[in-house]
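Visitor: have a look; sequence and predicted model below, questions after that.
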Amino acid sequence: MKVPPPPRPKFSSIRGRWSLSWRKQKLVQIHEALTCDPVDVETLREAAVSEGGLLCQEIRRRVWPKLLNINVYSLAPKPGPSIRSNHRDYNQVLMDVRRSFKRFPRGMAEAERCVLQEQLIDMILYVLSSHPELHYYQGFHDVAVTLLLTAGLRLGTAMLQTLSTHHLRDFMDPTMERTRSVLSYLMPLIQSERPALHDFLLRSEVGCIFALSWLITWYGHVLSDFHQVLRLYDFFLASHPLTPVYCAAQMVLMRESEVLQCDCDMPSVHQLLTKIPLDFPYETLISRTRSLLQGHPPSELERQTSLQRLKSISAASFRSLQISTAQQRPDFVLRQQVTPPSEELPTRSQNTLVKLAVWGISASLGAAALAVTQTALEWGPDLLLGLF
């Protein structure tokens, strides 16, 4: 079911000097937003949700922390294995991580994957130990591994900690009651857009369980293409915590004709919905999910269902997170505040070739490459335009 991509914007010039592709234009906009003081988080959010998302891992390592109000120069020490055996969830985390080899890039050396799996265990247990009120759920490791592969251990742990107390908080209660409550928003959204499809799903008695793994792993467990997972993470990190529910509803809406053509029984409909087509148009999905969010805002949806469902903790905390992200300083200011003058990175004229080389560093280096990579970004549009 291939849908042609929307036309990409063409920009004749910027600052009177360049003819830019849409990709280069977005890179310049991201750079300018990151170097504003305070950081222009709204522009970063728009870049994350608009076509193409954040484009590459280096950009994600710079933007994702800003979307979550994380100071990359004030990270906690690297998590260690000391908390493992004494933690209540250690055995379950260990089993889930051991089974997670499919979440790592194909062709990765086994020794490298084993090291990352050990880091994944430390990462998860550190967050859970830091917040005893949080309870591990199967699928939490799928979110953690995406952050680890993108940002490395220390930065990935910081992002996982913030997500656990905000976007993912509803799933980390001691019971699944609040998770079921979040799932229950799915059918009203479908009903509001396609009453006939909603009635068919009710008659089939398929329920909402088919979407459970979608929501609690942010689709990381069900998508085989890591780039598709990253694209959705761009979208979710920049959006309301209930966005994955809207995304699930929109995914069902986009497959309406397939659903209505299958047998109206639970096994048939469940099997169809859980098998996401390999060629599913994710840019179209994101665009239409944004429209669904605008047409049926989360606040309106919660008011309609407030009498019979638990209130979403994640949704309630979103406004405070939004406010905090608006007060961030750009990274070059943060670096100056913590780096002694004698230890500052060399200037552009001192070692240009070395700085250019960092753009070839693989994602597996994660946070270790962050400080150097961001320096290249801070040079400005002239450098960025020559790299893509």
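Guide: All right, it came through fine. Bear in mind that the values here come from a model prediction, so they are computed numbers and not experimental data. Residues are numbered from 1 along each chain as shown.

Visitor: counting neighbours, what do you get for L201?
Guide: 25 (other C-beta atoms under 10 Å). Yep, even glycine has a C-beta here, placed from its N, CA and C like the rest.

Visitor: what sits against the residue nearest to Y136 when sequence neighbours are not counted?
Guide: Residue nearest to Y136 in three dimensions, not counting chain neighbours: D89, with 4.1 Å by C-beta to C-beta, 6 or more residues apart in numbering. D89 makes contacts with L125, L128, H135, Y136, as judged by C-beta atoms under 8 Å, 6 or more residues apart in numbering.

Visitor: count of neighbours near the third one?
Guide: In this case it means H135. Neighbour count for H135, taken as other C-beta under 10 Å: 15.

Visitor: the longest helix along the chain packs against which elements?
Guide: Secondary structure of the chain per DSSP state H: the longest helix is helix 110-130. With contacts taken as 3 or more C-beta pairs under 8 Å, 6 or more residues apart in numbering; DSSP states H and E, helix 110-130 sits against helix 90-98, helix 140-151, helix 153-165.

Visitor: mind giving me the PyMOL select for the contacts of D89, buried ones only?
Guide: Per 16 or more other C-beta atoms under 10 Å, the buried members of the contacts of D89 correspond to this PyMOL selection:
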select buried, resi 125+128+136
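
Visitor: before we move on, the earlier item: mind telling me which of the helices and strands packed on helix 110-130 the model trusts least?
Guide: Out of the helices and strands packed on helix 110-130, helix 90-98 stands lowest, with a mean of 93 (criterion: mean pLDDT).

Visitor: just checking, what packs against that helix?
Guide: Using 3+ C-beta pairs under 8 Å, 6+ apart: helix 90-98 touches helix 110-130, helix 140-151.

Visitor: looks to me like L278 is in a helix.
Guide: No - per DSSP: H, G, I helix; E, B strand; the rest coil, L278 lies outside any helix segment and is coil.

Visitor: let me see the contact set for it.
Guide: Residues near L278 by C-beta under 8 Å, 6+ apart: S224, D225.

Visitor: L334 versus that one, what's the distance?
Guide: 42 Å (C-beta to C-beta, to the nearest Å).

Visitor: report the two of the contacts of D89 separated the most.
Guide: Spatially, the most separated pair among the contacts of D89 is L125 and H135, at 12.9 Å (C-beta to C-beta).

Visitor: near Q117, how many other residues are there?
Guide: Neighbours around Q117, by other C-beta under 10 Å: 19.

Visitor: give me every residue that touches the closest residue to it other than its chain neighbours.
Guide: Leaving aside its chain neighbours, Q117 sits nearest to V97 (5.3 Å; criterion: C-beta to C-beta, 6+ apart). Residues near V97 by C-beta under 8 Å, 6+ apart: Q117, L120, I121, I124, H141.

Visitor: which one (most neighbours) among these?
Guide: Taking other C-beta under 10 Å as the neighbour criterion, I124 ranks highest of the contacts of V97 with 29 neighbours.

Visitor: touching, that one and A144? I think so.
Guide: Yes - when contacts are counted by C-beta atoms under 8 Å, I124 is listed as touching A144 (5.3 Å).

Visitor: so what sits against both of those two?
Guide: In contact with both I124 and A144: L160, using C-beta under 8 Å, 6+ apart.

Visitor: please enumerate the helices of the stretch 251-388 of the chain.
Guide: 256-261, 266-274, 282-295, 298-304, 313-325, 331-338, 352-357, 370-378, 381-387 (DSSP state H, counting those that start in this stretch).

Visitor: circling back to that earlier point, deepest in the core, which of the helices and strands packed on helix 110-130 is it.
Guide: Compared across the helices and strands packed on helix 110-130, helix 140-151 shows the largest average neighbour count, a mean of 25 (mean count of other C-beta atoms under 10 Å).

Visitor: what's that helix packed up against?
Guide: If you count contacts as 3+ C-beta pairs under 8 Å, 6+ apart, helix 140-151 packs onto helix 57-67, helix 90-98, helix 110-130, helix 153-165, helix 226-237.

Visitor: indicate which one of these is closest to L197.
Guide: Closest approach to L197 among these (C-beta to C-beta): helix 226-237, 22.7 Å.

Visitor: mind giving me the packing neighbours of that closest one?
Guide: Helix 226-237 packs on helix 41-49, helix 57-67, helix 140-151, helix 243-253, helix 282-295, going by 3+ C-beta pairs under 8 Å, 6+ apart.

Visitor: could you dump the ones you listed into JSON lines and include distance to A109?
Guide: As requested, the helices and strands packed on helix 226-237 are arranged in JSON lines below (distance: least, C-beta to C-beta, whole Å):
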{"stretch": "helix 41-49", "distance to A109": "31"}
{"stretch": "helix 57-67", "distance to A109": "19"}
{"stretch": "helix 140-151", "distance to A109": "14"}
{"stretch": "helix 243-253", "distance to A109": "33"}
{"stretch": "helix 282-295", "distance to A109": "29"}
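
Visitor: nearest the geometric middle of the protein, what residue?
Guide: Y233 (2.3 Å; C-alpha atoms, centre = their mean).

Visitor: so that residue sits against W218, correct?
Guide: Yes - in terms of C-beta under 8 Å, Y233 counts as a neighbour of W218; the distance is 6.2 Å.

Visitor: give me the common contacts of the two.
Guide: T146.

Visitor: tell me where the model's unsure across the stretch 251-388 of the chain.
Guide: 305-309, 339-388 (pLDDT under 70).

Visitor: mind running it again at 90?
Guide: 299-312, 326-327, 329, 331-388 (pLDDT under 90).

Visitor: for H270, what are its contacts?
Guide: Listed by C-beta under 8 Å, 6+ apart, the contact partners of H270 are V206, I209, F210.

Visitor: apologies, that question was intended for H87.
Guide: H87 touches V93, L125, L128, S129, counting by C-beta under 8 Å, 6+ apart.

Visitor: state the distance from the second one to K102.
Guide: Think L125. 22 Å.

Visitor: what do you get for the last one?
Guide: S129 sits 27 Å away from K102 when distances are taken as C-beta to C-beta.
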